[in-house]
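> Quick one, fold the following:
(chains A and B)
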Amino acid sequence: MAECISLMSASSFNQADIISTVEFNYSGELLATGDKGGRVVIFQREQESKNRPHSRGEYNVYSTFQSHEPEFDYLKSLEIEEKINKIRWLPQQNAAHSLLSTNDKTIKLWKISQRDKRAEGYNLKDEDGRLRDPFRITSLRVPVLLPMDRMVEASPRRIFANAHTYHINSISVNSDHETYLSADDLRVNLWHLEITDRSFNIVDIKPANMEELTEVITAAECHPHQCNVFVYSSSKGTIRLCDMRAAALCDRQSKFFEEPEDPSSRSFFSEIISSISDVKFSHSGRYMMTRDYLSVKVWDLNMENRPVETYQVHEYLRSKLCSLYENDCIFDKFECCWNGADSAIMTGSYNNFFRMFDRNTRRDITLEASRENSKPRAILKARKVSTGGKRKKDEISVDSLDFNKKILHTAWHPKENVIAVAATNNLYIFQDKIN
Amino acid sequence: MFPKGTKRKFSDSREEPVAGGEDVNQSSLAAVRMLSSYSLQRQSLLDMSLIKLQLCHMLVEPNLCRSVLIANTVRQIQEEMTQDGTWQIMTQALSAANAAAQCSADRLVATEVLCRQTEAAQGEQVPKPFPVVGSEGCPAKEVLEEEAAAAEVGMTMSTVSPQAPTSYLPGTFGMDPCWEEEETGEDDDDEEEEEDSEECGSGSEGEERERDSLVEDTRTAEQVFGTFEIKNPAPSPDPALEELFSDVDASYYDLDTVLTGMQSVPKMGPYDLLESLSSHGPSPLSSSTSCRSDLNELDHIMEIIVGS
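Now for the predicted structure:
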């Protein structure tokens, strides 16, 4: 049973407010969102306190900053969008928080620090900051720390630029906490977090003759525990697992995951719908999950020839593929995520629907992120899309689905049953109500 | 996904072509019988994909993944059509239609009528007669009758592509592979691919080459047509179709140069030309004035290309 705890939205909707990425940090205390306008908004969970028992750990705005600005590439006469494609948090090492945010071409490391105390009673300075006349100082005092209004500031600490010819689609922090990888359509680069003027190319699938290009990289991720292992997925529905110890250039994969095609369902759209839009390792590191247009598949890293679980997200769209090709919806890139225990997975769909699958019970649920259903503390009702001829009450027919309302980005709290769902320009946060 | 004989919703509003003359009436009925809705659906998918690819290239920074997926779909359809034999029929029909179009006004009317209007083609895109083609007899007429049934399919294709060799640069550009192919002999899939690569190899010089070849063709039209005529019976890739795909591929190949900073003038594909020329109204049908108007149009086309 999911309950809405908060809904954040921009007051007036313009294109720049469209949320393009959502990510919890390692503790789940912070939730970062990036939007099409290049802004990052970070939410912080309120500590539950006895004074406000009903706050239930609400997320409130912690910091907002402009991460990327629109740029112009003079060589190619092309604009570089400021849209934030991905945000990934770094493990916290001190009081400050750090995250990586990227647009199509440049990755930035931001440090977010807060101050909620200030020192008062300086000897050499006035309260205003003016220097005191030395002759006036007759006694010494020790400055004291007094609380002040919390001030959060974000500053760019590193800028990793000029390493990608094509559009960056993924970044992933390595388990060694020193390196991270960034992937574009044809290449994967490895960076050191401290070094901005150099990166190592570890995968390059660009053919010598671009005429022969038939496959691109769609997503990449580092293994959560083995710092030498990473995977990347392709537009042909394949996943390659590579070991960086094998060679400097990981063009030859260690493992190749592909499910053989079902010849009975072959169509002109087979390849397009098999294109993987997201790949995520489980927290345990034993499984990985891939999202293609119609389904989510869970793979055991030890078995390459087929996934161990397949979940249909919106199979009723299979008969509509031609229309979806026409309006370009077939190219929408949905993301997927695991819960902290790896027992459930979640992904988005159309009409502001999102789906959750329980791997153990094999039960699934469809929920809707909409204003009407999401008053605080409102319980969400399960939704259903009617596929047969007869539409039951409360069901919605496939033809009434709004394909402009798509949920591409979702995130699950690393420890608790709290989820964040981005619906165009609105951010919904739901939690599981356990009595 | 496309089981034969099953209609899909969005495509079932396709109109039947209106029959013009007697011959045409019979042949269009035959065509309707011949074509299953599967082919129609496949055709419309192909058209849609090509439009999408064209639009891709007009965007500021094309989404590479999307372009690759659409291009793969186009290739897949092309392969299937080649295996089907539909490809050969279509190319033959177009060749025949082009060659025979000026044999008689009736034929011209027929081809005009067979042309289907799509969103892309605003005006009536009639296969424009090659200026000196008039000198050819009508052995092509026989070919046309055989292929008339398939001509309808061909016309569908050609409304979305510049088909008249003289009106549009790409069409003329496409004449070149005919020469090369004649030399190398039998046509087959591999050769088509090779020709694609050959044509695409020209890349940004393509436009210049197109202009040169058009001018050249005007002078050596006899020779050109002679070559064209000989090759008629043999299955050959239609110049317009060839150009359609090669143009798509060429601009696609140029993706890399675009992306790596050597921006060339955005290639005007078949649809751009269609749109820009449609405002000039339907092409004149008489062949006597066609040569001069062609050159005027050519100038205009060059203006548009260079201007953009």
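> What residues does chain A have near chain B?
Residues of chain A lying near chain B by Cβ under 8 Å from any Cβ of the partner chain: A:73, A:75-81, A:104, A:165-167, A:185-186, A:209-211, A:213-216, A:218, A:235, A:265-272, A:275, A:321-323, A:325-326, A:328, A:331. (Glycine included, C-beta is placed from N, CA and C.)
> Just the buried ones out of these, please.
Buried residues within those, defined by neighbour count using 16 or more other Cβ atoms under 10 Å in any protein chain shown: A:76, A:78, A:80-81, A:104, A:165-167, A:185-186, A:210-211, A:213, A:215-216, A:218, A:235, A:267-272, A:275, A:321-323, A:325-326, A:331.
> can you tell me which of those residues are in helices?
A:270, A:271, A:272, A:321, A:322, A:323, A:325, A:326 (DSSP state H).
> The fifth one and residue B:45 touch, don't they?
When you say that, I think you mean residue A:322. Yes - Residue A:322 is in contact with residue B:45 according to Cβ atoms under 8 Å; the separation is 7.0 Å.
> From the geometric centre of chain A, which residue sits farthest away?
Computed with Cα atoms, centre = their mean, the residue of chain A farthest from its C-alpha average is residue A:135, at 58.9 Å.
> Residue A:124 versus that one, what's the distance?
The spacing between residue A:135 and residue A:124, counted by Cβ to Cβ, to the nearest Å, is 12 Å.
> same thing with residue B:54?
Residue B:54 is 71 Å from residue A:124, by Cβ to Cβ.
> Those two - which one has more neighbours?
residue B:54 (20 against 8; other Cβ atoms under 10 Å in any protein chain shown).
> In a helix, the more buried one, correct?
Yes - in this structure, residue B:54 lies within a helix as judged by DSSP: H, G, I helix; E, B strand; the rest coil.
> Helix or strand next in line after the helix or strand of chain A with the lowest mean pLDDT, which one?
The helix or strand of chain A with the lowest confidence, counting by mean pLDDT, DSSP states H and E, is strand A:2-9 at a mean of 69. Using DSSP states H and E, the helix or strand that follows strand A:2-9 in sequence is strand A:19-24.
> Now the closest residue to chain A within the stretch 51-200 of chain B: closest residue in space, sequence neighbours ignored.
The nearest approach of the stretch 51-200 of chain B to chain A comes at residue B:64, 4.4 Å away (Cβ to the nearest Cβ). Computed as Cβ to Cβ, 6 or more residues apart in numbering or on different chains, the closest residue to residue B:64 that is not its neighbour in sequence is residue A:185, at 4.4 Å.
> again, but for residue A:254
Leaving aside its sequence neighbours, residue A:254 sits nearest to residue A:243 (Cβ to Cβ, 6+ apart; 4.7 Å).
> What is the burial count for the one you found?
Neighbour count of residue A:243, defined by other Cβ under 10 Å: 16.
> I'd say it and residue A:231 touch.
No - if you go by Cβ under 8 Å, residue A:243 and residue A:231 don't touch, sitting 10.7 Å apart.
> Show me the shaky parts of the chain.
No chain in the question, so chain A it is. A:1-2, A:4-6, A:9-12, A:49-56, A:433-435 (pLDDT under 70).
> Actually, chain B is the one I wanted.
B:1-35, B:56-60, B:90-91, B:94, B:100-294, B:307-308.
> just to revisit the earlier point, is it true that the residue nearest to residue B:64 touches residue A:216?
Yes - shown here, residue A:185 and residue A:216 form a contact pair, counting by Cβ under 8 Å, at 4.3 Å.
> what residues are shared contacts of the two?
With contacts taken as Cβ atoms under 8 Å, 6 or more residues apart in numbering or on different chains, residue A:185 and residue A:216 have B:64, B:65 as neighbours in common.
> Now the phi/psi pair for whichever residue of the stretch 201-350 of chain A sits closest to chain B, please.
The nearest approach of the stretch 201-350 of chain A to chain B comes at residue A:267, 2.3 Å away (Cβ to the nearest Cβ). Main-chain torsions, residue A:267, degrees, to the nearest 10: phi -150, psi 180.
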